[in-house]
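Engineer: got a predicted structure here, sequence first:
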Amino acid sequence: MTGTATTSSTGNAWRNWAGTVTSRPVREATPATADELAAAIRSAAEDGLRVKTVGTGHSFTAIAATDGLLVRPDLLTGIRRIDRTAMTVTVEAGTPLKRLNAALAREDLSLTNMGDIMEQTVAGATSTGTHGTGRDSGSIAAQIRGLELITADGSLLRCSEKENPEVFAAARIGLGALGVISAITFAVEPLFLLTAREEPMTFDRVTADFDELSTENEHFEFYWFPHTDNCNTKRNNRSAGPAAPPGAVSGWFEDELLSNGLFQMINSLGRAVPATIPPIAKVASRTLSARTYTDIAYKVFTSPRRVRFVEMEYALPRDAAVMALREVKAMIERSPLRISFPIEVRTAPADDIALSTASGRDSAYIAVHMYKGTPYHSYFTAVEQIMTAHGGRPHWGKIHTRGAEYLTGVYPRFGEFTALRDRLDPGRVFGNDYLRRVLGD
C-alpha cells in the first residue's frame, strides 16, 4: 500500500509526560502505513532534517526530542495478523500496549510479561527497554520475534533471528538510533491468570529474604518507603483459577483513592512543606494491608499511575542489589533529603539483546522517583553515585547523566551496536543530543 503521510510545518512545542523535556520540531508527520513513513523519512533526509518518533512521551529523557521531523505514529496502530501456529502477533508500531492487551485478551492470548504502565506504544516501550519483573521472563523487547525497521534511506528492513539477525540482535532495544520501527512481531501464549499477593514486610526482612523471594515466585517486586522501615511486597504467580479480581469498591479504594488520590495529596503537601514527609510516610506506610486477588495477566501486571513524577532507574547485577539498596537507605538517613515516593525493586533474567539493561546478566532494578515539580537533582545524583559504583546500567528512558565512555564499560556489546548504527545511519538522520551523549557522537 502506498501513499503520502500527513505532513505539516509546525512551530508547536512537544513536551513529554513528566514535563522534563520540551522540543520544537519544524515539521510533523502522521503516517498511516509503512510506505508513508518511509516517504516522510526520505523527504526529511533530503531536506537535511533529523527524524525522531514519539509515542505517548513516557520517557523522562530527551531520547525522542528533535528539532527536525517529529513522526507521530497515531495512525500506525492495530493488529496486522495473529499466527496461532507460531504463536505470534504482528502489530503496528504505534499501537498502545493497553489496546494490544485488550485485543489479545479477546483472542484468548497474552504477552508473557510486561511493566506496570501500559500507556506506551509498543515501539516506544521496546525501544527504551521497558520491563516488568520476572524470575524467568524478561522485558517486553525480549518477547520480540521480528520487526520492521525503516532505515535512513527509506528502505524497509525486516529483522528476525533468521532474517538480518545482526540487526535483530540490536534493534529490539534500538533507542531510535537505527531507524523507525513500523511493526513488531511478539511471541504470545494462551491467556492465563495470575494470583497477586500483596503483603507489608519490614525492610530488614525483605532484604534478608530477597534471594529466596525472587527465586520462589515467578514475579516478585517490593517498594521501600524512605524514612521508615516499611516495605510493601507483591508476588505474582500463575493460577489455575478461578478469577477473583478485586471487588469494585475495594479495588477503587486501593488503586484509585489510596494509590492515586490520597497519594497525590500527600505529595502535594510534601512538596510545599518537606518537613511533613517523614511523619506522613511513617503513618501512611503502616496503613498498608495484605490482599490477594486473581485476574487475567495484564490486569495484574499493570496498575493506573495518575500521579506525575520524574524517575531514575538503574539495573545492577542481581547479587549487588541488596547491598546497593542498603547504601541508598543509609545515604537518605544521614542526609537532609525528604523523599515522599517509595523506592521500587524488581528483577529480570539475563537476555541476549545488545543494549538491554539485562544483557548477559541476571539483573535487579532499583528505581527512585520524585513528585513532579520537586527538586530531584541532589537525590538522583547521590543515588546514581551508588548505582555506578556497582556497575549499574541506566534505564534508557529514565533520567541519568551517563555518557558513552561509562556505558562502553558496562555493556560488553556496546561496540557492536555503534558499528551497526554507523552502517545503517552514517549521516545520523536519527540522531539527537541525547544519542550523541550516550552513543558517543
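Structural biologist: That came in fine, so what should we check first?
Engineer: SS state for Pro278?
Structural biologist: Three-state call for Pro278 (DSSP: H, G, I helix; E, B strand; the rest coil): helix.
Engineer: contact partners for it?
Structural biologist: Going by C-beta atoms under 8 Å, 6 or more residues apart in numbering, Pro278 touches His227, Arg338. Heads up, the C-betas are built off the backbone N, CA and C, glycines and all.
Engineer: what's the answer for the one 4 residues further on, then?
Structural biologist: Shown in contact with Lys282 (C-beta under 8 Å, 6+ apart): His227, Thr228, Asn230.
Engineer: can you list the residues you listed in TSV and add neighbour count?
Structural biologist: Output for the contacts of Lys282, formatted as TSV (neighbours: other C-beta atoms under 10 Å):
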residue	neighbour count
His227	19
Thr228	17
Asn230	22
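Engineer: ok, of those, which one's closest to Arg428?
Structural biologist: Nearest to Arg428 among those, counting by C-beta to C-beta, is His227 at 45.3 Å.
Engineer: check contacts around the closest one.
Structural biologist: His227 makes contact with Ile277, Pro278, Ala281, Lys282, Ile332, Arg338, Ile339 under the criterion C-beta under 8 Å, 6+ apart.
Engineer: looking at this, it is in a strand?
Structural biologist: No: His227 is assigned coil when assessed by three-state DSSP, not a strand.
Engineer: from Leu262, how far off is it?
Structural biologist: 17 Å (C-beta to C-beta, to the nearest Å).
Engineer: which parts of stretch 14-29 are buried?
Structural biologist: Within stretch 14-29, the residues scored as buried using 16 or more other C-beta atoms under 10 Å are Trp14, Asn16, Trp17, Ala18, Thr20, Val21, Ser23, Pro25, Arg27, Glu28, Ala29.
Engineer: can you check stretch 324-341 too?
Structural biologist: Within stretch 324-341, the residues that count as buried by 16+ other C-beta under 10 Å are Ala324, Leu325, Glu327, Val328, Lys329, Ile332, Leu337, Arg338, Ile339, Ser340, Phe341.
Engineer: can you show me the helices along the stretch 201-350 of the chain?
Structural biologist: Ranges of helices within the stretch 201-350 of the chain are 203-208, 210-216, 248-251, 263-272, 277-286, 297-301, 321-333, based on DSSP state H, counting those that start in this stretch.
Engineer: tell me which of those lies nearest to Gly146.
Structural biologist: Smallest distance to Gly146 across the helices of the stretch 201-350 of the chain (C-beta to C-beta): 21.8 Å, for helix 297-301.
Engineer: centre of the chain to the one helix or strand Leu149 maps to, how far?
Structural biologist: Assigned by DSSP states H and E, Leu149 belongs to strand 144-150. Distance, stretch centre to chain centre, for strand 144-150: 18 Å (C-alpha atoms, centre = their mean, to the nearest Å).
Engineer: return the list of helices and strands in contact with that strand.
Structural biologist: helix 34-46, strand 88-92, strand 156-159, helix 165-171, strand 180-187 (3 or more C-beta pairs under 8 Å, 6 or more residues apart in numbering; DSSP states H and E).
Engineer: deepest in the core, which of those is it.
Structural biologist: Mean neighbour count (mean count of other C-beta atoms under 10 Å) peaks for strand 180-187 among the helices and strands packed on strand 144-150, with a mean of 24.
Engineer: what's the angle from that strand to helix 34-46?
Structural biologist: Angle of strand 180-187 versus helix 34-46, following axes from the mean of the first three to the mean of the last three C-alpha atoms, to 10 degrees, is 140 degrees.
Engineer: lowest-confidence helix or strand of this structure?
Structural biologist: helix 248-251 (a mean of 57; mean pLDDT, DSSP states H and E).
Engineer: got the end-to-end distance for stretch 283-294?
Structural biologist: 29 Å (C-alpha to C-alpha, to the nearest Å).
Engineer: for Gly403, what are phi and psi?
Structural biologist: The phi/psi pair for Gly403 (degrees, to the nearest 10) reads phi -120, psi -170.
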